[in-house]
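S.K.: The amino acid sequence is not available; the structure is as follows:
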């Protein structure tokens, strides 16, 4: 069974944002896929994902 869960990394521990329905002590495999800035800001900033990605690219090119 595959489950995708959002989590927060705090004090060296990944903490799921919702309760997992798995038995205590279960061994699981975790794949880390950090969210891009555009994914984290989508809906907060009134720009499209494409516009946000373009701005980020421009900023990265300046550095």
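M.R.: Done, it's in. Because the structure is predicted, anything quoted here is derived from the model rather than measured. Numbers count the residues shown, from 1 in each chain.
S.K.: And the strands in the chain?
M.R.: 7-10, 13-16 (DSSP state E).
S.K.: Quick check: the most centrally placed residue in the chain vs residue 9, distance?
M.R.: Central residue of the chain (C-alpha atoms, centre = their mean): residue 35, 3.3 Å from the mean position. According to C-beta to C-beta, to the nearest Å, residue 35 stands 12 Å off from residue 9. For every residue, glycine as well, the C-beta is placed using N, CA and C.
S.K.: now do residue 2
M.R.: Separation of residue 2 from residue 9 (C-beta to C-beta) stands at 21 Å.
S.K.: ok, now residue 15?
M.R.: 8 Å.
S.K.: Repeat that for residue 23.
M.R.: Note on residue 23: its distance to residue 9, by C-beta to C-beta, is 23 Å.
S.K.: Out of the two, name the residue with the larger neighbour count.
M.R.: More neighbours surround residue 9 than the other of residue 23 and residue 9, with 10 against 6 (other C-beta atoms under 10 Å).
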